[in-house]
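Student: quick one, fold the following:
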Amino acid sequence: MSIVYVRLLEEGTEVYRPVPAEQISSDVFVLSSQEVPSDEVWEYSPTRVKVAMKILSEGRVPVVIGVA
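Tutor: Modelled structure (predicted):
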């Protein structure tokens, strides 16, 4: 299991949530099925997603950029 970062919407600033995911290929992951907290709006819901590396405060991490 890997961790990818999903951008949260409606936060006022750029915020990302670490989410467990299963890696399918180098840039495709399946987000683990889980309930999105009621006070969060995820840019992408738990599904098959494409990621790209981005530098966040945690360092260089895989960030969801679209649906795969």
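
Student: drop to CA atoms for contacts and neighbour counts, all remaining ones
Tutor: Fine.

Student: any idea which helix or strand in this protein has the lowest mean pLDDT?
Tutor: Using mean pLDDT, DSSP states H and E, the weakest-scoring helix or strand in the chain turns out to be strand 41-42, at a mean of 94.

Student: next, the buried residues of the helix or strand that that one is followed by.
Tutor: Scanning forward in sequence from strand 41-42 by DSSP states H and E, the next helix or strand is strand 48-56. Across strand 48-56, burial judged by 16 or more other C-alpha atoms under 10 Å covers 48-52.

Student: roughly how far out does the least confident helix or strand of the chain sit from the chain middle?
Tutor: Taking C-alpha atoms, centre = their mean, to the nearest Å, one finds the center of strand 41-42 at 10 Å from the center of the full chain.

Student: who touches that strand?
Tutor: With contacts defined as C-alpha atoms under 8 Å, 6 or more residues apart in numbering, strand 41-42 is touched by 6-10, 36.

Student: just these: which has the poorest pLDDT?
Tutor: Among those, Val36 carries the lowest pLDDT, at 86.

Student: one step back: tell me the two of the buried residues of strand 48-56 that are most distant?
Tutor: Maximum pairwise distance among these (C-alpha to C-alpha): 13.8 Å, between Arg48 and Ala52.

Student: export stretch 29-45 as CSV, just CAs?
Tutor: Only the C-alpha atoms of stretch 29-45 are listed here, as CSV (Å, rounded to 0.1, in the frame of the first residue of the first chain):
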residue,chain,number,x,y,z
PHE,A,29,-3.2,4.2,-8.4
VAL,A,30,-6.5,3.1,-7.0
LEU,A,31,-7.5,5.1,-3.9
SER,A,32,-8.5,2.9,-1.0
SER,A,33,-12.3,2.7,-0.5
GLN,A,34,-13.0,4.9,2.5
GLU,A,35,-15.6,7.4,3.6
VAL,A,36,-14.6,11.0,2.9
PRO,A,37,-14.9,13.0,6.2
SER,A,38,-18.1,15.1,6.2
ASP,A,39,-16.1,18.4,6.6
GLU,A,40,-13.9,17.7,3.5
VAL,A,41,-14.5,18.1,-0.2
TRP,A,42,-12.0,16.0,-2.1
GLU,A,43,-11.0,17.0,-5.7
TYR,A,44,-11.2,13.3,-6.6
SER,A,45,-13.3,10.7,-4.9
